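>>> Give me a 3D structure for the following:
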Amino acid sequence: MEGIGIRIPEKVFFSNAPANYTVKNDFYFTIFKTNPNKGETLAESTKVHKGEVYPTIYIKGFEQLFKDDGSQTDKLRAFFKMFNANGNSSWEIRYGKFRETNEDCVEIITSADSLKPDFSAGFQLSDKCAFTNIPDTPSPVTFSIFIDDFDYFFSDLPNQITYNITLERGFAAYIEDFAAYLTEESEKPKAPVSSIYKGDSCDISWKIEQNEKASAFLYDENGNIVANLPPYTVKIDNDRKFTLTAYNDFCSVTKSLIVYRTLWKHKENAAESFPQTDSKGHFKFYKSYGGKYYLYVHPTLYCSDDDLKTWKPYSENTAAPSYYSFYSSAFSESIFSVCYLSAGLLTYCEMSIKGKTWEKYDIQRSGLTHAYTLFFQGKMRIMLADENDAGFFDWLGGQLMNGTFLVKPGKTKIKAVDVLSDSGKCFVAVLYNNNRVYFYDLDDDFKNNIFECPDASSESIHLIKSNAVYVALDGYMIEVSDREKFTDTHFFPKYKKGTHPILGGVDTEAIIGAFQTETGINIWEYKF
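Numbers count the residues shown, from 1 in each chain. Below you'll find the predicted structure:
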């Protein structure tokens, strides 16, 4: 059109169920003037500027896009504050008043001294906006445009230009459900899963909200269409990414889903006799040569046969302190030991496996966050750590002797620690706050391998011996025999907040984990 024009998106989108799914809209304004005569120069205005009245564009009708719930005006003001005028400070957009009638409307004002005869000015929304009103009918949205006082710049323009712009509006198709489910037969409602044991199958299923007649296509990570109706059954040998596109005559929406392959497999739910963990302890399964399992949960040492389901108290620690901030345990065929920390005190407890008699030693030590015992070359050693240092001490006659300290990377804090004794060797893994795990071989001058663990939020870490030595923490299973090999870097069974998982090596083919959930203890198996 001749004169001043405005471009805005041609469509606006609404959700039929905004509480469940919010449809976002990209929105922009472009104000422009075409120059029909290319040789024309800037027109010299003979009018005098009207004081504080600047050339202004008013737009009425945006109220139709926001629900009138008492906060409509505030939402509109906030909406227009999100626009940026492409770095041009001579233009401003706001929710204000129409000069002639004092009605609420959009104001776009320029305080420029001059404008080119073919100028263009853009207003881009800094983020996507969700319109909150639900239209009663599919009729278009109509905006009334009033362009005032641009004759100040262009003598060929009238004092006011008025016209209307219409926007098509409609309900967006949207994806109500898109998830992976185990293909096992069950009458119980299926829960979505994020990982599948390597080689097993899952169903990729989805549900499209039928605001209007909608269709969908499922794409794999190579961009191939693999299904148009749910479910799609697929074998998971590797991590897989699927993308679902749903569309109707008005719009299309896309959502992605990643299904991880994992070596963790849900084995069973544990019996009610399983000990309930707490948030203070560091828990491990210990397996004896006789095939029995041992687990210490304050203040009791429990024992299980070979099923990990039926647990019975083996011995109560009569030497355990009443108050503590952390505790851990260690096992040999003849001795079971527990370290407790409390304010300014290290308490070491030791029990004879056969005699079930407990001894207790208290040592004044302050500021500690972790304490572990381990059996190394026929001797008992104790590792102590705070957020800054970790050191190993010989335990001789109830005293800490001959301290040796780890070399800590500079400007880091210790988040979690664990130790492991195996075949005369001693190892330690430390998770620092730079999200790296340092693995140390204490029999090799503290030389270490370093493993990067992005977003490692775990407050506990486990060293476990199976077919190799593994570091386990929330989201990671790392085989330390090969520093470049991250066996499972993306999945870890979920457990109840405030509790810690229980892990332990079973044999050279599997690691067992017990995880306390809202519904009880779940047993998972990490099988190679």
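>>> Quick check: Leu76 is in a strand.
No. Assigned with DSSP: H, G, I helix; E, B strand; the rest coil, Leu76 falls outside any strand and is helix.
>>> Near it, how many other residues are there?
19 (other Cβ atoms under 10 Å). To be clear about C-beta, it is placed using only N, CA and C from the backbone, and glycine gets the same treatment.
>>> Quick one: low-confidence residue ranges for the stretch 51-200 of the chain.
51-52, 87, 185-189 (pLDDT under 70).
>>> how about the helices of the stretch 1-150 of the chain, start to end?
72-81 (DSSP state H, counting those that start in this stretch).
>>> just the stretch 401-528 of the chain next, same as before
Under DSSP H, counting those that start in this stretch, the stretch 401-528 of the chain gives no helices.
>>> all strands of it, in order?
Assigned by DSSP state E, counting those that start in this stretch, the stretch 401-528 of the chain shows strands spanning 414-422, 425-432, 436-441, 448-452, 462-465, 469-473, 476-479, 486-488, 502-505, 510-517, 520-527.
>>> can you tell which of those strands is closest to Tyr372?
Closest to Tyr372 of the strands of the stretch 401-528 of the chain, according to Cβ to Cβ: strand 414-422, at 4.7 Å.
>>> Run through who's touching that closest one.
282, 330, 369-370, 372, 374-376, 383, 385-390, 408, 426-433, 458-465, 469, 473 (Cβ atoms under 8 Å, 6 or more residues apart in numbering).
>>> Weed out the non-buried ones from these.
With burial judged by 16 or more other Cβ atoms under 10 Å, the buried subset of the contacts of strand 414-422 is 282, 330, 369-370, 372, 374-376, 383, 385, 390, 408, 426-432, 458, 460-465, 469, 473.
>>> Mark out where each domain of this protein begins and ends.
4-170, 174-262, 265-527 (automatic domain parsing).
>>> so of the ones you listed, which one's packed in deepest?
Highest mean neighbour count among these (mean count of other Cβ atoms under 10 Å): domain 265-527, with a mean of 17.
>>> what about that domain, average pLDDT?
For domain 265-527, mean pLDDT is 86.
>>> Distance from the chain centre to it, please.
Centroid separation between domain 265-527 and its chain, computed with Cα atoms, centre = their mean, to the nearest Å, is 27 Å.
>>> before we move on, what about stretch 131-143?
That offset, for stretch 131-143, works out to 35 Å (Cα atoms, centre = their mean).
>>> That stretch spans what distance, first to last residue?
One end of stretch 131-143 to the other measures 15 Å (Cα to Cα, to the nearest Å).
>>> now stretch 75-86
22 Å.
>>> ok now do Ala270, which residues does it touch?
Leu308, Lys309, Ala514, Gly520, Ile521, Asn522, Ile523.
>>> Quick check: the farthest pair among those?
Greatest spatial distance in those: Leu308 and Gly520, 13.9 Å, computed using Cβ to Cβ.
>>> Now Ser328: which helix or strand?
Assigned by DSSP states H and E, Ser328 falls within strand 326-331.
>>> hey, C-alpha coordinates of the next helix or strand after that strand in CSV?
Downstream of strand 326-331, the first helix or strand assigned by DSSP H and E is strand 335-342. Output of strand 335-342 as CSV, limited to C-alpha atoms (Å, rounded to 0.1, in the frame of the first residue of the first chain):
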residue,chain,number,x,y,z
ILE,A,335,36.6,-58.1,60.8
PHE,A,336,33.8,-55.7,60.0
SER,A,337,34.6,-52.0,60.7
VAL,A,338,32.6,-48.8,60.8
CYS,A,339,33.7,-45.1,60.9
TYR,A,340,31.5,-42.4,62.3
LEU,A,341,31.9,-38.7,62.1
SER,A,342,30.4,-36.1,64.4
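>>> In its sheet, which strands sit next to strand 335-342, and in what direction?
strand 326-331 (antiparallel), strand 345-352 (antiparallel) (DSSP bridges).
>>> Now render the ones you listed as JSON lines, adding distance to Ser256.
Compiled in JSON lines, those are given as follows (distance: least, Cβ to Cβ, whole Å):
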{"stretch": "strand 326-331", "distance to Ser256": "41"}
{"stretch": "strand 345-352", "distance to Ser256": "50"}
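>>> Out of the ones you listed, which is closest to Ala130?
That would be strand 326-331 among the strands paired with strand 335-342, by Cβ to Cβ, at 46.4 Å.
>>> which residues touch the closest one?
Applying Cβ under 8 Å, 6+ apart, the contact partners of strand 326-331 are 280-282, 284, 286, 288, 294, 296, 298, 301, 336-341, 368-375, 421.
>>> now with 7 Å?
Applying Cβ atoms under 7 Å, 6 or more residues apart in numbering, the contact partners of strand 326-331 are 280-282, 286, 294, 296, 298, 336-341, 369-375.
>>> which residues are contacting stretch 511-526?
Contacts for stretch 511-526 (Cβ under 7 Å, 6+ apart): 263-270, 274, 276-277, 285, 308, 464, 466, 470, 477, 493-496, 499, 501-506, 510.
>>> next structured bit after the host helix or strand of Tyr361?
Per DSSP H and E, Tyr361 falls inside strand 358-364. Using DSSP H and E, the helix or strand that follows strand 358-364 towards the C-terminus is strand 370-376.
>>> on that earlier part again, got the angle between the strand holding Tyr361 and strand 335-342?
Relative orientation of strand 358-364 versus strand 335-342 (axes from the mean of the first three to the mean of the last three Cα atoms, to 10 degrees): 40 degrees.
>>> Format the CA atom coordinates belonging to strand 358-364 as PDB.
Extracted in PDB, the C-alpha atoms of strand 358-364 (Å, rounded to 0.1, in the frame of the first residue of the first chain):
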ATOM      1  CA  TRP A 358      32.300 -54.700  69.100                       C
ATOM      2  CA  GLU A 359      35.100 -52.400  70.200                       C
ATOM      3  CA  LYS A 360      35.100 -48.600  70.000                       C
ATOM      4  CA  TYR A 361      37.800 -45.900  69.700                       C
ATOM      5  CA  ASP A 362      37.200 -42.100  69.800                       C
ATOM      6  CA  ILE A 363      39.700 -39.700  68.300                       C
ATOM      7  CA  GLN A 364      39.400 -35.900  68.300                       C
END
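>>> From here on, call the first residue 18.
Understood, numbering begins at 18; the last thing we discussed is strand 375-381.
>>> List of residues touching that strand?
By Cβ under 7 Å, 6+ apart, the list of residues contacting strand 375-381 from outside reads 334-336, 361-368, 415, 417.
>>> in its sheet, what does that strand sit against?
Short version: by DSSP bridges, strand 375-381 pairs with strand 362-369 (antiparallel).
>>> residues making contact with the strand it pairs with?
Under Cβ under 7 Å, 6+ apart, the answer for strand 362-369 is 318, 332, 334, 336-338, 351-357, 374-382, 385, 388.
>>> May I have that strand as PDB, with CA atoms only?
The C-alpha trace of strand 362-369 is given here as PDB (Å, rounded to 0.1, in the frame of the first residue of the first chain):
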ATOM      1  CA  LEU A 362      35.000 -36.600  66.700                       C
ATOM      2  CA  LEU A 363      36.000 -39.700  64.700                       C
ATOM      3  CA  THR A 364      34.600 -42.900  66.100                       C
ATOM      4  CA  TYR A 365      36.000 -46.200  64.900                       C
ATOM      5  CA  CYS A 366      34.100 -49.400  65.600                       C
ATOM      6  CA  GLU A 367      35.400 -52.900  64.900                       C
ATOM      7  CA  MET A 368      33.600 -56.200  65.200                       C
ATOM      8  CA  SER A 369      34.900 -59.800  65.000                       C
END
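>>> what angle separates it from strand 387-393?
For strand 362-369 against strand 387-393, the angle by the same axes, to 10 degrees is 40 degrees.
>>> How about Gly522: what's its closest non-neighbour residue?
Ser483 (4.3 Å; Cβ to Cβ, 6 or more residues apart in numbering).
>>> what does Ser332 give?
Per Cβ to Cβ, 6+ apart, closest to Ser332 is Lys373, 4.4 Å.
>>> how close does Ile242 sit to Phe267?
22 Å (Cβ to Cβ, to the nearest Å).
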